[in-house]
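Chemist: got a sequence here, can you build the structure:
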Amino acid sequence: MFKFFYIIIVFCFLQLISIQLKADKFQVESFTKDEKDIAARKAELKDINDDYCAIIKVRTNVDGILFKTYPDITKIEYKSNPKEIWLYVSPGIKLITMSGTGFVTQEYVIPNSIKVESLSVYVMVVKGVYDFTGVNTNDLGYFKVISNPPGAQISMEGNPAFKEYTPYDGLAKKQQWPIGKKRIFVELKDYNQKDTVFLIEKDKVNEININLVPAYSYVDFKITPKNATIRFEDKNLYHGKNKIFKTNSELLISAPNYYDHKQTLDVPDGGDTQIVEIELIPITGTLSIIATNNNAIGADIFIDEILVGTVPLNNFTIQQGEHKLKVSKNGLVTFVQNIKIIGNQENSYPVLLDNLVSVKFASDPWGASIFVDDKFIGTTPLENKISLGAHNIRLEKTGYNKHVAKFDVKESTTIYECKLTPDALIAEKKNLVKNNIMRYSSVALFGSAFLYSGYQGYTIYDNYQKYQVATDQATQLHQDIITSRNILFVSGSVAVLSGVSYFIFQNKYKKSKSRIQSLSFIPTDQGIYFSMKINF
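Modeler: Here you go, the predicted structure:
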């Protein structure tokens, strides 16, 4: 009897061991210290012994885990983005007890290489290990999977041939499965993989609804200045909204003439938006403006068109970089200069104010003499400094009319140019002389040709009188008569043409003389103009 009782006890013990071996278990994949995480320092929560707590961030795919430590856990927080369980524990703990429905209660011993210290953060990754042994493989059931968003791929642990996409309906596809626990993985690009364990029951349809969590979040950068460069994980990001996958890394923001800004940026998953608003601190130096003449004292100083003071200016704080300096005073020419400020040192600039403006003088044609207020300053083209205000300008060039004008010099004045008009009297006098020469030349030519023609005519007549007629023989007499006749013809033609040209140039001469007599010059504020009556 005792032997039989002993056999029963051993059998029950073996059955209990068998159940424990087949039950679902917890598996701690890693336990590490996060040196960069300062969440515990921000919390500054104290335990029952008045010591600052450490935080153990538990990341797990198992729902409903219960934790216990000694001393007791001070506080537990459940985070959704990302999905974590924060355990506020006493420093120095070495053992964590885990339990849950359907799981074997287990104790995890923290490695000796890791010491749990106050105000420090640790990450513990826990995975569920499930028993998928079917209760009765002859009994079958169905399951459906719906995901948000749809289109995710479904795979099954222990069944590599199973590949489906959500929404999946086993009943509609007539795919039956042995009853018992199943573990499926649902994954979609840019979303965290989700795995779940469910139970297939006989002749029933188990519907699994899964909300996939984006593996990224959005970071909206609002940075001053607008030209700042945003550098994160060796990439340049945009001002405004950026899609960034879950990470924790250094953020670097830089801009010319500003100090760099560095910080650790924790980007969770979940698809939410966090705003990062940063205003960079400018690098500054000091500016001093020194008057180099009495005119500059008291003048207004503008930096980038903003009034900042008057001359002299001492140790004015200004941002490093390029700026536009303008110094102005009534009655004087404004001083404008681009300046460069070097940070963390004094920058001094001298200023001289006067009433002179640099003016370029040009004329068409060049080479005209320039007189300002009756003072000769040079010939065109010329660049010279002229004082502000009204001036009398005169330009002279031989063969051209004088150009006389009033010239009001302003700060904006840069050039004075004019077109000279030819002197009509001189031109007409030239024409008169030319036509007179041609007229008398025509008379001389006509007289010469006429006299020579008469002489040749007399020669022919005299020869005919001596010999009465020219014979056909090629005698010298005959040749002389023929030559004299030809010369007579040419000289007669020259006399006629020169007579015609005489009348032409005689007419032109009269017209030029008439034009010269009709010229009348009119003095004006703009110079000397003339009117001319032309008789045709």
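
Chemist: show me where the stretch 51-200 of the chain has strands.
Modeler: Applying DSSP state E, counting those that start in this stretch to the stretch 51-200 of the chain gives strands spanning 54-60, 66-69, 75-80, 83-89, 95-99, 106-109, 121-129, 140-148, 153-156, 159-165, 168-169, 177-178, 180-187, 194-200.

Chemist: most packed of these?
Modeler: strand 54-60 (a mean of 22; mean count of other C-beta atoms under 10 Å). Backbone N, C-alpha and C define where each C-beta goes, glycine included.

Chemist: picking that back up, how about JSON lines for the strands of the stretch 51-200 of the chain, with mean pLDDT added?
Modeler: Listed next are the strands of the stretch 51-200 of the chain as JSON lines, based on pLDDT from 0 to 100:
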{"stretch": "strand 54-60", "mean pLDDT": "94"}
{"stretch": "strand 66-69", "mean pLDDT": "94"}
{"stretch": "strand 75-80", "mean pLDDT": "89"}
{"stretch": "strand 83-89", "mean pLDDT": "92"}
{"stretch": "strand 95-99", "mean pLDDT": "94"}
{"stretch": "strand 106-109", "mean pLDDT": "93"}
{"stretch": "strand 121-129", "mean pLDDT": "91"}
{"stretch": "strand 140-148", "mean pLDDT": "95"}
{"stretch": "strand 153-156", "mean pLDDT": "96"}
{"stretch": "strand 159-165", "mean pLDDT": "93"}
{"stretch": "strand 168-169", "mean pLDDT": "96"}
{"stretch": "strand 177-178", "mean pLDDT": "90"}
{"stretch": "strand 180-187", "mean pLDDT": "92"}
{"stretch": "strand 194-200", "mean pLDDT": "90"}
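
Chemist: will you turn the ones you listed into CSV that also has distance to Asp24?
Modeler: CSV is the format used below for the strands of the stretch 51-200 of the chain (distance: least, C-beta to C-beta, whole Å):
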stretch, distance to Asp24
strand 54-60, 13
strand 66-69, 14
strand 75-80, 21
strand 83-89, 18
strand 95-99, 11
strand 106-109, 11
strand 121-129, 6
strand 140-148, 19
strand 153-156, 17
strand 159-165, 19
strand 168-169, 24
strand 177-178, 18
strand 180-187, 8
strand 194-200, 8
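
Chemist: give me the neighbour count for Ile342.
Modeler: Applying other C-beta atoms under 10 Å, we find 11 residues neighbouring Ile342.

Chemist: residues in contact with it?
Modeler: Contact analysis of Ile342 by C-beta atoms under 8 Å, 6 or more residues apart in numbering lists 285, 320.

Chemist: relative to Thr284, how far out is it?
Modeler: The gap separating Ile342 from Thr284 is 10 Å, by C-beta to C-beta, to the nearest Å.

Chemist: all helices of the stretch 301-450 of the chain, in order?
Modeler: 424-467 (DSSP state H, counting those that start in this stretch).

Chemist: for the stretch 151-300 of the chain, same thing?
Modeler: For the stretch 151-300 of the chain, applying DSSP H, counting those that start in this stretch gives helices covering 170-173.

Chemist: distance check, the closest residue to Gly389 other than its chain neighbours against Tyr108.
Modeler: Nearest non-adjacent residue to Gly389, counting by C-beta to C-beta, 6 or more residues apart in numbering: Val409, 6.1 Å away. Applying C-beta to C-beta, the value for Val409 to Tyr108 is 92 Å.

Chemist: shared neighbours, Ile342 and Thr284?
Modeler: Shared contacts of Ile342 and Thr284, counting by C-beta under 8 Å, 6+ apart, come down to Gln320.

Chemist: can I see the domain layout of the protein?
Modeler: Using automatic domain parsing, the domain ranges for the chain come out as 26-129, 140-211, 216-279, 284-351, 356-419, 424-521.

Chemist: and the third one, how far from the chain's centre?
Modeler: What it means is domain 216-279. 20 Å (C-alpha atoms, centre = their mean, to the nearest Å).

Chemist: ditto for the second one
Modeler: In this view, domain 140-211 has its centroid 52 Å away from the chain centroid, taken as C-alpha atoms, centre = their mean.

Chemist: for it, measure first residue to last.
Modeler: 27 Å (C-alpha to C-alpha, to the nearest Å).

Chemist: show me where pLDDT drops low in the stretch 151-300 of the chain?
Modeler: By pLDDT under 70, the stretch 151-300 of the chain contains no weakly predicted segment.

Chemist: try it again at 90.
Modeler: The model of the stretch 151-300 of the chain has pLDDT under 90 over residues 157-159, 179-181, 195, 197, 199, 203, 269.

Chemist: which residue lies nearest the spatial centre of the protein?
Modeler: By C-alpha atoms, centre = their mean, the chain has its centre lying nearest to Asn227, at 9.0 Å.

Chemist: who are the neighbours in contact with the nearest residue to that one once chain neighbours are set aside?
Modeler: For Asn227, ignoring the flanking residues on the chain, the nearest one in space by C-beta to C-beta, 6+ apart is Ala255 at 5.7 Å. By C-beta under 8 Å, 6+ apart, Ala255 lies in contact with 225, 227-229, 280.

Chemist: over to Pro214?
Modeler: 190-192, 269-271.

Chemist: before we move on, what about Lys173?
Modeler: Counting by C-beta under 8 Å, 6+ apart, Lys173 has no contacts.

Chemist: so the residue nearest to the centre of the chain touches Tyr258, yeah?
Modeler: No - between Asn227 and Tyr258 there is no contact under C-beta atoms under 8 Å: 9.5 Å.

Chemist: about what we covered before: pull the most distant pair out of the contacts of Pro214.
Modeler: Across the contacts of Pro214, the longest distance by C-beta to C-beta is 12.2 Å; it joins Asp190 and Gly270.

Chemist: these two: which has the busier surroundings?
Modeler: Gly270 (16 against 12).

Chemist: wait, doesn't that one sit right on Leu212?
Modeler: No - taking contacts as C-beta under 8 Å, Gly270 lies outside contact range of Leu212: 10.8 Å.

Chemist: can you tell me how far Val145 sits from Ser80?
Modeler: Taken as C-beta to C-beta, the span from Val145 to Ser80 is 22 Å.

Chemist: then Val126?
Modeler: In terms of C-beta to C-beta, Val126 sits 17 Å off from Ser80.

Chemist: also Asn242?
Modeler: Distance from Asn242 to Ser80, by C-beta to C-beta: 22 Å.

Chemist: ok, now Tyr52?
Modeler: 26 Å.

Chemist: cool, and Phe407?
Modeler: For Phe407, the distance to Ser80 (C-beta to C-beta) stands at 81 Å.

Chemist: how about His239?
Modeler: 29 Å.

Chemist: and if you look at Ala39?
Modeler: Distance from Ala39 to Ser80, by C-beta to C-beta: 16 Å.
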